[in-house]
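# Structure of the sequence below:
(one chain, ligands or ions: 2)
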Amino acid sequence: MPMLADPSKKYRPYTPLILPDRQWPSKVATKPPVWLSTDLRDGNQALANPMTVPQKTLFFQTLLKCGFKEIEVAYPAASDTDFNFVRGLIEQKQVPDDVWLQVLTPAREDLIKRTVDAVAGAKRAIIHMYNATSCTFREVVFRNSKEETIALAVKHTKIIRQLTEECTAKHGTQFRFEYSPETFSQTEPEFALAVCEAVKEAWGKAGTAFEERIIFNLPATVEIAPPNHFADQVETFCRNISEREKIIVSLHPHNDRGQGIAAAELGMLAGADRVEGCLFGNGERTGNVDLVNLALNQYTQGINPGVDFSDIETVRDIVIQCNDLPIHPRHPYAGDLVFTAFSGSHQDAIKKGFEAQRIRHAKAAEAGEPQYWDIPYLPIDPADLGCTYEAVIRVNAQSGKGGIAYLVQQHLGLDMPRKMQIAFYQVVQAIADREAREMTVEDITTAFRSTYHFGGSAYEGRLVLKSFKISAEPASELARDGEEAADERRQFDGTISVDGVVRVIRGDGNGPLSALLNALRTHLDIDLALREYSEHAIGEGQDAKAASYVELVIPAANIKDTRSASASWWGVGVDSDIAASGLRAVLSAVNSAIGDRPLPELKLSVGFGAKSGQADIASAILHSLQLELPRRLQASFFEAVQRATRDRGTEEISYSDLITLFRETYGYEVPDREGRFVIKSFKMENLGESGRKELTGEFYINGKLKHIATQGNGSLSAAVAALNDHLDGKVSIREYAEHSIGEGSEVRAASYVELAYEREGVRKFNAWGVASDSDITASGLKAVMRAASNIDLIDRQMMANGH
Ligand SMILES: CC(=O)SCCNC(=O)CCNC(=O)[C@H](O)C(C)(C)COP(=O)(O)OP(=O)(O)OC[C@H]1O[C@@H](n2cnc3c(N)ncnc32)[C@H](O)[C@@H]1OP(=O)(O)O
Ligand SMILES: CC(C)C(=O)C(=O)O
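Ligands and ions are numbered 1, 2, ... in the order given. This is a model prediction of the structure:
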């Protein structure tokens with residue numbers, strides 16, 4: 001059947017109350033009500049599968065933890081489960097002394113008896129009796145007149161009085177009495193008053209002390225009118241009931257129109273003292289009023305609600321488990337998504353809100369003033385409910401730069417400049433759009449790392465800063481009298497790894513960044529200019545680091561088209577040294593700019609007027625082979641490099657040629673091709689207390705396998721003695737050096753030996769040998785043999801030349 005064109009033919013509107021001097025609209029809440037949780041009764045009775053005793057017990061304990069002092073635990077006459085549950089709480093002493101157990105009963109004598117029996121022995125109990133009072137119920141359900149309805153309530157109130165007094169006498173239980181004119185909101189206001197007056201009189205012992213007051217609970221059993229009407233009904237009741245001071249006016253809103261919260265809040269303004277409801281609004285049909293929602297609404301108005309939801313997620317999980325009902329992800333305060341913003345403008349506002357609040361709070365703390373919470377779109381601090389800020393911003397294709405920047409800030413500590421936020425937003429947007437899904441924090445941080453080649457070797461770009469030195473170059477012009485000195489220029493000397501090969505580059509500029517850019521231009525043909533630079537600190541004190549951001553562009557002189565005019569690349573660098581963080585940021589942007597374009601092979605210029613000196617060559621060897629050449633070997637190799645380049649008719653040498661030349665010149669990690677000077681086996685032994693050593697073994701000397709048995713002050717001198725036994729002339733050690741390579745179990749020894757050679761009729765000459773081995777003695781011996789093979793080579797060349 002379709003919806004009606006004229007629903008007035010089917011549905012009657014509520015009859016408005018005439019209450020022109022209503023007071024509630026101008027009242028403001030200032031204190032919490034008395035809370036009663038009816039989860040274990042009204043909530044439970046609405047479940048397809050009512051709770052088991054263990055579930056009820058867990059729920060009860062959760063309510064205690066939240067701080068509820070009045071808990072409607074059952075409708076004990078309904079079932080043995082309910083009755084036994086109440087008995088269990090009492091007999092197992094699970095009820096703290098300050099907590100009132102409330103139980104519900106209809107106005108039926110047999111059921112009242114069982115209800116009172118259920119709570120016998122409890123320290124404190126509230127017997128809650130109800131009978132419906134509205135016209136429909138009187139006529140349809142009870143088929144009672146108004147008088148008979150009052151009589152029913154009065155009769156059973158008296159029964160309760162008698163039974164509870166007997167129980168108190170026998171078991172010492174302290175009782176209070178609650179009466180509900182069920183369907184109050186549909187009952188004629190004056191009749192509801194009349195029933196309650198009669199019940200109060202029948203109870204006959206309401207007093208003004210809290211524990212003596214009679215509770216009149218006013219249910220919107222079915223919510224049939226807007227909350228202002230309910231508030232009028234409550235105010236009318238509160239104003240007209242006699243002996244108001246002896247009464248606790250309680251509300252019991254349901255949520256049929258989705259206005260349960262508003263009804264409760266306006267009802268409290270209208271004079272009510274107490275609210276009955278369920279956690280997260282479980283209950284008949286659309287549920288009872290949600291006590292968590294109500295309490296936290298008060299909390300956000302600066303009122304301590306007297307119940308505690310500091311761990312709302314645990315409470316929520318227990319309630320879901322006990323009720324076996326889900327909680328909507330948009331449920332106020334408790335839903336999975338209620339502290340989450342997906343949309344860009346919300347995220348932007350939240351991010352700005354947090355930034356502004358940080359500053360505001362710092363000022364307020366200094367002034368000793370309260371640090372008020374005021375964040376756009378977040379009415380409550382999720383942390384107060386035990387929630388983290390993790391979920392506050394989640395990113396999908398609807399999100400904007402602000403949210404993404406917030407997550408980068410939260411998770412990487414980086415506060416991107418605005419223009420970089422826009423650039424990175426486009427990266428994330430493209431992924432989110434392409435993949436049509438939410439971007440997790442990990443997706444975003446990974447995208448950030450790979451876009452900016454940031455954070456660890458996994459994300460390194462093609463160019464990586466290895467080491468650098470920034471020095472001040474003297475100003476070209478001297479300051480004249482009365483004029484400021486010209487700015488000092490900076491020189492960048494550094495090693496960078498380019499596609500895995502370490503290179504030495506050098507450049508100068510107005511500052512470290514422009515000096516690096518100059519070096520890249522000179523050595524790698526990368527021509528970029530700095531457009532924007534900013535930095536901030538991460539952390540404080542000794543652990544503080546600097547984060548730098550740069551934007552690089554194509555220099556104006558090189559702009560060929562609109563595309564290159566608008567191109568720009570952002571980079572980020574973090575380092576404890578501020579200059580290094582800026583340099584890293586430049587390389588980060590450069591890596592994006594060069595993409596996979598081939599880079600020119602970097603060459604060292606070693607000829608006359610060389611740009612690269614001895615130190616550059618040594619540095620290239622250090623970074624490529626981890627060898628720290630002794631000074632004289634540096635000089636010797638530099639000469640060898642110059643010779644080799646000159647022989648090739650050039651002044652430059654590529655890095656790979658340089659390394660090959662080094663290996664071949666000193667026999668480093670290359671086999672002695674002719675097998676002329678090779679150690680086949682060796683043993684080194686100490687000779688008693690003399691400190692001398694004996695070297696035995698088998699060596700190829702001059703291509704012949706010799707059995708060696710020599711002595712020396714150490715392994716090297718013993719090896720030299722062995723050489724001298726089998727060579728023409730005499731070798732001696734001119735210089736020896738060694739150092740370790742690597743660490744721990746991977747450590748190796750590197751040895752450098754310079755041998756001097758003398759033979760009659762031959763000019764004295766020297767030769768170096770370089771070797772490494774995990775055994776330091778072997779490394780030294782190998783270096784001696786490498787040097788010897790170089791001597792042999794030189795000697796043979798000299799012989800051939802007729803020397
Ligand atoms: C709005 C509310 O939430 S009220 C609480 C509702 N909760 C429950 O009903 C849950 C527990 N209830 C039960 O387990 C059962 O209804 C019981 C055990 C209480 C009673 O069961 P039964 O005796 O089989 O009766 P039944 O459930 O059919 O109740 C209807 C009878 O009670 C009468 N009745 C209903 N409410 C009341 C009341 N508040 N006071 C007195 N009588 C009442 C009805 O008029 C009807 O009487 P009739 O049989 O003479 O026509
Ligand atoms: C028993 C009463 C208070 C009730 O649950 C209701 O009217 O909803």
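
# and the gap between Arg239 and Gln23?
Noted for Arg239: a distance of 8 Å to Gln23, by C-beta to C-beta, to the nearest Å. Quick note: C-beta positions are derived from backbone N, CA and C, even for glycine.

# residue in the stretch 551-700 of the chain nearest to ligand 2?
Ligand 2 sits closest to Val572 of the stretch 551-700 of the chain, with a gap of 60.4 Å, by C-beta to the nearest ligand atom.

# Show me the beta-bridge partners of that residue.
With DSSP bridges as the criterion, Val572 is bridged to Tyr549.

# show me the contacts for Gln410.
Each residue near Gln410 by C-beta atoms under 8 Å, 6 or more residues apart in numbering is listed here: Tyr389.

# Is it within a helix or a strand, and which one?
According to DSSP states H and E, Gln410 maps onto helix 401-412.

# Also Glu628?
Take DSSP H and E as the rule and Glu628 turns out to sit in neither a helix nor a strand.

# re earlier: remind me what whichever helix or strand comes after the helix holding Gln410 packs against, helices and strands.
The helix or strand immediately downstream of helix 401-412 is helix 418-435, counting by DSSP H and E. Counting contacts by 3 or more C-beta pairs under 8 Å, 6 or more residues apart in numbering; DSSP states H and E, helix 418-435 packs against helix 401-412, helix 441-452, strand 545-553, strand 568-575.

# relative to helix 441-452, how tilted is the last one?
Comparing the axes of strand 568-575 and helix 441-452 via axes from the mean of the first three to the mean of the last three C-alpha atoms, to 10 degrees yields an angle of 110 degrees.

# what angle separates strand 568-575 from strand 545-553?
160 degrees.

# contacts for the next helix-or-strand element following strand 568-575?
Toward the C-terminus, strand 568-575 is succeeded by helix 578-594 as the next helix or strand (DSSP H and E). Helix 578-594 is contacted by residues 451-454, 461-465, 468, 470, 492, 494, 496, 512-513, 516-517, 520, 526, 528, 530, 533, 535, 545-552, 569-575 when judged by C-beta under 8 Å, 6+ apart.

# Can you select the buried ones among those residues for me in ChimeraX?
Buried residues within these, by 16 or more other C-beta atoms under 10 Å, are selected in ChimeraX with:
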select :451,452,453,454,461,462,463,464,465,468,470,492,494,496,512,513,516,517,520,526,528,530,533,535,545,546,547,548,549,550,551,552,569,570,571,572,573,574,575
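
# Please name the residues that touch the closest residue to His623 other than its chain neighbours.
Ranked by C-beta to C-beta, 6 or more residues apart in numbering and with sequence neighbours excluded, the top spatial neighbour of His623 is Val502, at 3.2 Å. By C-beta under 8 Å, 6+ apart, the residues touching Val502 are Lys466, Thr495, Ile496, Ala620, His623, Ser624, Tyr655.

# Check what pLDDT Val502 gets.
You'll see Val502 listed with a pLDDT of 80.

# Who is it paired with across the strands?
Where Val502 sits in a bridge, its partners, by DSSP bridges, are Ser497.

# Next: Val770.
For Val770, the beta-bridge partners under DSSP bridges are Tyr752.
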